[in-house]
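Q: need a structure here:
(chains A and B)
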Amino acid sequence: MKETEKAPLRYDFAEAEPRWQKAWEERGCFAAPDIPPPGARKYYVLEMFPYPSGRIHMGHVRNYTLGDVVARYKRARGHLVLHPMGWDAFGLPAENAARERGVHPAAWTYGNIATMRAELKRMGLSIDWSREFATCDPEYYGKQQKLLLDFLRAGLIERKESWLNWDPVDGTVLANEQVIDGRGWRSGAPVEKRKLSQWFLKITAFAPELLSALEGLTRWPERVRLMQANWIGRSEGARLTFPLAEPVDGITGVEVFTTRPDTLFGMSFLAVAAEHPLAAAAAARDPKAAEFVAECRRMGTSEAVIEAAEKRGHDTGFRVVHPFTGREYPVWIANFVLMEYGTGAIFGCPAHDQRDLEFARKYGLPVTPVVLPPGADPASFAIGDEAFTGEGTAFNSDFLDGLDVAAAKRAAIARLEEIGAGRGVVNWRLRDWGISRQRYWGCPIPVIHCEACGVVPVPESDLPVLLPEDVDFSVPGNPLDHHPTWKHVPCPACGRPARRETDTCDTFVDSSWYFARFCSPKAEVPVLRAAADAWLPVDQYIGGIEHAILHLLYSRFFARAMTATGHISLSEPFAGLFTQGMVQHESYKGADGRWLYPTEVEKRPDGTAVHRETGEPVTIGRVEAMSKSKRNTVDPDAIIGRYGADTARWFILSDNPPERDMEWTEAGVAGAFRFTQRVYRMVAGAALPPPGTPVPEGASRDLRRITHRTIAAVTEALETFAFNVAVARLHELANAIEDARDADPAARREAMEAFARLISPMMPHLAEELWTLLRPGTERLLAEEAWPEADAALMAADTVKLAVQVSGKLRATIEVPVGADEAAIFAAAEAEENVIRALGGRPIRKRIHVPGRIVNLVA
RNA sequence: GCGGGCGUGGCGGAACAGGUAGACGCAGCGGACUUAAAAUCCGCUUCCGGUGUCCCGGAGUGCCGGUUCGAUCCCGGCCGCCCGCACCA
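A: Below you'll find the model as predicted:
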């Protein structure tokens, strides 16, 4: 290009983005006080804080972009916005790094945080960084220990012996929910069952409330509420005891939970879990029983999936007595009975439970129907391959005969209670939350074990219980446990030598109350009450669907437990929840079958791909969630370096609705980048009158209409998380401004100023840059400006286009003045050549007019 | 198995409250500019058909049917996909 020609106007994002980030910081644009001033309209936006794994990934970029759009938008709407960031910094990877590379977990973690903080800052997020903390900061976990002591005092923590999932690779206990398909959720190793003494948070104490309060969470996705309801799993039924015909090892009876007490007369066996005491008793006597129990334990749940259909059991030879009939039934050990659910024992009624039926058929146990389907003949009704689980009438059931299922349940429970054999109960699937981890890099549980005094809480004046820094990772097991001195302390009660608890907390504990700590992150107490009362609940929480159950349920529990212990007054921590989809990418395989990074692959115009260096053909695989193993990842930092943060943000928002999975494509980013350059040229190249120049009355109505309609549409879209729609509307506005080169300059200024304001939540740096072009020398940053208001009068049109249908089929469109009377509209419609042709001389039987939309002439 | 969701061009998707289906973008095609390319700009782009300059007709939102003047939207029945829970007694 020759020098004399107009130089291309180029937006230098690499220069501009850091400059604006600095300007926001210097002006303190995003700082929020612990205690909002009176009359402030608060809005608390929170994204799930990251685990400091080393580098940020595209999932983070998406998550924090979504939150930042909300935060910036709400701020422009006049809210006082709290938008903090922190680090979910305890956890196993730090210890793995210590073992593998000899770097201390703290050094590894804080090093990663420094890297990731810098990466996040490059995104231009409107975060109040003065509130930042990491859960591994002693200032944070010390406050958490205070909470745990209060919970202990309030009876919300207890120590229990129980069967637990043991991860042999991680050498730690897992919560049931951390076991996925019988494998540890982190290690992937098959989980074993062990009996250990552990600390539990009594989440079950809040089960009824955690369930019922879901109804009020109207700004949560329905499916998350449903998943939580299923997880809590309320079911009504009866607990009853079957006396053993002969006591075994002092056990005189077996307690059973059932939701179908109405089918008690259809019993044909009793079955217990492999971990049940009666199974142990059987195993002690009978090697074959022992073998079966061992097999069940080995099997865990993972093998169960493989052998899903296979119901297996072992007859113990023990017999129980039916409380109603006095008849005796065999006691089996069965692989499908769970020790963790109900009482670990069931009575089997094969006629009306599919699993029991399969079991009975396999072992030749009797099948007696006791519920008669409507219209069936009691004399001939029999069970085939399918158990009957529907509504019906009790029969073969003595005093229950003739009752429907619900009435029979009530009657059976009443009789059980009358004879003292059982009672009606509500059973919950939810179990208490085991928080003990035999790990170093976690929050120490602040108690001391004394031989004389038992469990003694650490005095609050001794908090925080700090992790020792000199730890040895060369031996397996818990470094805290084999630290030479750390655990040896005098008992706070009696002063004699005692032992510190060496278990640390599940990291889900850390993330269960960080939302509250953010309100007053420097406070000497866990939460400054006034700050929490003012800021909580979180108005909009944003994160991945993978936390739909655990993290959110635990946080809901913490809100209640902290309320019960006086720290806050809150039931629900998150008033609004948005769950984003994953970021996906095509995967690539080289000629040798190895996965290739997108940066190693060159796409050809014909849709094929080759290796960038070797030129060898590349197989294009499925589009799937970015993962290191498939190497289908894109490094956010590289993208930001190449295109800028605004481009990355804009593409992420434009691709599709944020709740769905999105596909990251090189072409998509490039398109977003072109748009940033285009709008910069548009504004920079425009000849505009001075700011504040009024638009002459009646001038450039079309452009002004689009401007104001876009303001309304983008506002609506941002309110409803329809960010992709907001992007589309802004494309349209940009197109309209470019097309309207000859429009009134003041109207063009109005349009461009609206444009800059409307893109500011999504592309904040570019928006600031446009703003200085539009308002040279302005004192105020766009980040400090208010959201534009749509003028309804300017949105309105003089004429309206109507679709004209003949018998429901589109035949023409007519343009009529707004408010034209119906007769004139019908006349215009019927005068259309195409309409006349379509009518073909037939008389019009019916005329329909929907103002502003359609005319339908029915022939 | 139970529960929930989804299905619209080559692709991502849009469509107020039952009212012109396919906005906007990506990709593609054609053209302008250029020695050439990149960049940029202009145009076309659901499918089929008709002597497609302006145009007209038909089909069309997974499939079949229904309600309605009119259905992507409501109802019934299928098919497919996705997610959650899964021996839950």
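
Q: Three-state assignment for the closest residue to A:Thr241 other than its chain neighbours, please.
A: What sits nearest to A:Thr241 in space, not counting adjacent residues and going by CB to CB, 6 or more residues apart in numbering, is A:Gly253, at 4.4 Å. In short, each C-beta sits where N, CA and C put it, glycine included. When classified by DSSP: H, G, I helix; E, B strand; the rest coil, A:Gly253 comes out as strand.

Q: cool, A:Gln677 as well?
A: A:Gln677 - assigned by three-state DSSP - is helix.

Q: ok, now which ones touch it?
A: By CB atoms under 8 Å, 6 or more residues apart in numbering, the contact list for A:Gln677 reads A:Arg10, A:Tyr11.

Q: Can you spell out which helices and strands pack onto the strand or helix carrying A:Ala411?
A: Under the criterion of DSSP states H and E, A:Ala411 resides in helix A:405-419. Using 3 or more CB pairs under 8 Å, 6 or more residues apart in numbering; DSSP states H and E, the elements in contact with helix A:405-419 are strand A:234-248, strand A:422-428.

Q: gap between that helix and the chain center?
A: The chain centre lies 41 Å from the centre of helix A:405-419; the measure is CA atoms, centre = their mean, to the nearest Å.

Q: A:Asp198: helix or strand, and which one exactly?
A: In this structure residue A:198 is Gln, not Asp. Going by DSSP H and E, A:Gln198 is in strand A:192-201.

Q: how about the CA coordinates for the next helix or strand after that strand, as PDB?
A: Downstream of strand A:192-201, the first helix or strand assigned by DSSP H and E is helix A:207-212. Only the C-alpha atoms of helix A:207-212 are listed here, as PDB (Å, rounded to 0.1, in the frame of the first residue of the first chain):
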ATOM      1  CA  ALA A 207     -32.300 -33.500  54.900                       C
ATOM      2  CA  PRO A 208     -36.000 -32.500  55.200                       C
ATOM      3  CA  GLU A 209     -35.100 -28.800  54.800                       C
ATOM      4  CA  LEU A 210     -32.600 -29.300  52.100                       C
ATOM      5  CA  LEU A 211     -35.300 -31.000  50.200                       C
ATOM      6  CA  SER A 212     -38.200 -28.700  50.800                       C
END
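
Q: and helix A:207-212, how far out from the chain's middle?
A: That offset, for helix A:207-212, works out to 19 Å (CA atoms, centre = their mean).

Q: before we move on, back to that, pLDDT (mean, whole number) over the strand holding A:Gln198?
A: Confidence for strand A:192-201, expressed as mean pLDDT, is 82.

Q: list the buried ones in stretch A:458-477?
A: A:Val458, A:Leu463, A:Pro464, A:Val465, A:Leu467, A:Val471, A:Phe473 (16 or more other CB atoms under 10 Å).

Q: Show me which pair in those residues is furthest apart.
A: Spanning the widest gap among the buried residues of stretch A:458-477 are A:Leu463 and A:Phe473, at 25.9 Å by CB to CB.

Q: tally of neighbours for A:Phe359?
A: Number of residues near A:Phe359 (other CB atoms under 10 Å) recorded here: 24.

Q: where's it, which helix or strand?
A: Taking DSSP H and E as the definition, A:Phe359 sits inside helix A:354-363.

Q: do that helix and RNA strand B meet?
A: Yes: Helix A:354-363 reaches RNA strand B (CB under 7 Å from any atom of the strand) through A:Arg355.

Q: In that helix, which residues are buried?
A: Going by neighbour count (16+ other CB under 10 Å), the buried part of helix A:354-363 is A:Arg355, A:Asp356, A:Leu357, A:Glu358, A:Phe359, A:Ala360, A:Tyr363.

Q: repeat for stretch A:42-58
A: For stretch A:42-58, a neighbour-count test (16+ other CB under 10 Å) marks A:43-52, A:56-58 as buried.

Q: Check the spacing between A:Ala279 and RNA strand B real quick.
A: Separation of A:Ala279 from RNA strand B (CB to the nearest atom of the strand, to the nearest Å) stands at 13 Å.

Q: Could you do A:Gly54 as well?
A: Relative to RNA strand B, A:Gly54 is positioned 25 Å away (CB to the nearest atom of the strand).

Q: Show me which residues of the stretch 651-800 of chain A sit near RNA strand B.
A: Residues of the stretch 651-800 of chain A lying near RNA strand B by CB under 7 Å from any atom of the strand: A:654-657, A:660, A:662-663, A:665, A:667-668, A:670-671, A:674-675, A:677-678, A:722, A:724-725, A:727-728, A:731-732, A:735, A:738-739.

Q: from those, which ones fall inside strands?
A: Cross-referencing those against strands under DSSP state E gives A:Met662, A:Glu663.

Q: Which of the residues of the stretch 651-800 of chain A next to RNA strand B are buried, as a PyMOL select command?
A: The buried residues among these can be selected in PyMOL (16+ other CB under 10 Å) with this line:
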select buried, chain A and resi 654+655+662+665+668+675+677+722+724+725+727
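
Q: rewinding a little: and the helix or strand following the helix holding A:Phe359, what other elements does it pack with?
A: Going down the chain from helix A:354-363, the next helix or strand is strand A:371-372, by DSSP H and E. In terms of contact count using 3+ CB pairs under 8 Å, 6+ apart, strand A:371-372 is assigned the packing partners strand A:393-394.

Q: mean confidence for the strand it packs on?
A: The model assigns strand A:393-394 a mean pLDDT of 91.

Q: for it, packing partners?
A: If you count contacts as 3+ CB pairs under 8 Å, 6+ apart, strand A:393-394 packs onto strand A:371-372.

Q: So what touches the strand it packs on?
A: A:262-263, A:266, A:351-352, A:378, A:381, A:388, A:392-395, A:405, A:408.

Q: Tell me the strands beside it, with direction?
A: According to DSSP bridges, strand A:371-372 forms sheet pairs with strand A:393-394 (antiparallel).

Q: The strand it pairs with: how far from the chain's middle?
A: Centre to centre, stretch against its chain (CA atoms, centre = their mean), the figure for strand A:393-394 is 44 Å.

Q: contacts for it?
A: Under the criterion CB under 8 Å, 6+ apart, residues A:262, A:265, A:370-372, A:374, A:400-405, A:408 lie in contact with strand A:393-394.

Q: Serialize the residues you listed to a markdown table and add fields for distance to RNA strand B and neighbour count.
A: Listed next are the contacts of strand A:393-394 as a markdown table, based on distance: CB to the nearest atom of the strand, whole Å; neighbours: other CB atoms under 10 Å:
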| residue | distance to RNA strand B | neighbour count |
| --- | --- | --- |
| A:Asp262 | 10 | 28 |
| A:Phe265 | 14 | 23 |
| A:Val370 | 14 | 25 |
| A:Val371 | 14 | 29 |
| A:Leu372 | 20 | 19 |
| A:Pro374 | 19 | 9 |
| A:Leu400 | 16 | 25 |
| A:Asp401 | 21 | 15 |
| A:Gly402 | 22 | 12 |
| A:Leu403 | 18 | 19 |
| A:Asp404 | 18 | 14 |
| A:Val405 | 13 | 19 |
| A:Ala408 | 14 | 26 |
